[in-house]
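Q: give the three-dimensional model of this entry:
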Amino acid sequence: MAGLARHDPFIEINIIKNPDEFFGRKDELRTIFTRLQGLQSTSIYGERKIGKSSLLYKVFCDIPEELGNEYKSAYIDLRDSDYHTVYYFLKNVLSEFKCDPEVILENNTYNKNLIAFSESIKELSTKYKPVLLIDEFDHIIKKPEEFNKDFLDTLRTLGNHGHIAYITASLYSLKELCIKSKLNSPFYSIFYELQLGELTRGEITDFLSAKRKDVNFNAEEIKLIKEIAGNNPLHLRIACYHIFANKGKKWNRSKLKGKIQNEINHFDDKEARRKKNIRDIGKKVTKYISKLVENYTGN
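A: Predicted coordinates for the structure are as follows:
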């Protein structure tokens, strides 16, 4: 009907909750679900806006189908104020698992609440295989005075003894986070570290060729999308959003490309790229020094 705006399927650039709009990551999903069969934990990490939260949510949604009803899962986002203290974290996690949250009391000591939480999870594990999916795990490590070594050690003990599995998403690996926090907790040692990178060419092709209502990119549009977005999933959605919004209009390629690039720059993770460049330079220097030493000792 004339005058009504078309629905743009590319408008969502945060967590992808629509299963029809989640593409790729088959190897990562296979790894995570294979580990969950043995109730083993996985840490997903990678640069901002690379798709960590979307992958975490996809795992949460697919657990019943992939693993069956013997698994009980809970998904939490640590940006939510409901999880900003240990008291509310323990209470609300139990609530998400449909356990009694009233065993966590405000007038209890810190350790007494940790014990009550442990006992509840152990009881739950006699009936189900619990999986706790934690988004933005960095927020816990940033508050070591609140989420201290005893807290992390409690979570680790539960996981290490097979009472629960964790899937976390964070900017940095859990090992790096724990070491930086100086908590000296071996919490990270029960996790498999899964670094999330860009999409593959095949995944990009699947995304662009997927059947969507009223969406059909022509060869010129696909060429421009790939030119601007590369293999980055966020860049891909931003480019598709603008090109779809301008479909049927006369557009200047250079001007549209500039507009898309400006929005991409707004979300660009410069800090992650800077650290990657430093690591790459460090590897090259180390390799160069090793070569010099090898040549010197050889002479």
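Q: check which helices and strands the helix or strand where residue 35 lies is in contact with.
A: Using DSSP states H and E, residue 35 falls within helix 26-36. Where contact means 3 or more Cβ pairs under 8 Å, 6 or more residues apart in numbering; DSSP states H and E, helix 26-36 is packed against strand 41-45, helix 52-67, strand 165-170, strand 191-195. Where you see a C-beta, it was placed from the backbone N, CA and C, and this is true even at glycine.
Q: partners of the last one in the sheet?
A: Counting by DSSP bridges, the strands paired with strand 191-195 are strand 41-45 (parallel).
Q: gap between residue 108 and residue 158?
A: Per Cβ to Cβ, to the nearest Å, residue 108 is found 18 Å from residue 158.
Q: try residue 229
A: Taking Cβ to Cβ, one finds residue 229 at 41 Å from residue 158.
Q: before we move on, what about residue 62?
A: Residue 62 is 23 Å from residue 158, by Cβ to Cβ.
Q: so between those two, which is more surrounded?
A: residue 158 (21 against 16; other Cβ atoms under 10 Å).
Q: contacting residues around the more buried one?
A: 118, 121, 122, 164 (Cβ atoms under 8 Å, 6 or more residues apart in numbering).
Q: 6 Å - rerun?
A: 121, 164 (Cβ atoms under 6 Å, 6 or more residues apart in numbering).
Q: all helices of the stretch 151-299 of the chain, in order?
A: Taking DSSP state H, counting those that start in this stretch, the helices of the stretch 151-299 of the chain run over residues 174-181, 201-209, 219-229, 233-245, 253-267, 270-298.
Q: which strands and helices sit next to the fifth one?
A: By that I understand helix 253-267. Judged by 3 or more Cβ pairs under 6 Å, 6 or more residues apart in numbering; DSSP states H and E, helix 253-267 is in contact with helix 233-245.
Q: so what does the helix it packs on touch, helix or strand wise?
A: helix 219-229, helix 253-267.
Q: the ones you listed into CSV, with extra columns for mean pLDDT and distance to residue 240?
A: Compiled in CSV, these are given as follows (pLDDT from 0 to 100; distance: least, Cβ to Cβ, whole Å):
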stretch, mean pLDDT, distance to residue 240
helix 219-229, 90, 6
helix 253-267, 85, 10
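Q: please identify the deepest-packed of the ones you listed.
A: helix 219-229 (a mean of 16; mean count of other Cβ atoms under 10 Å).
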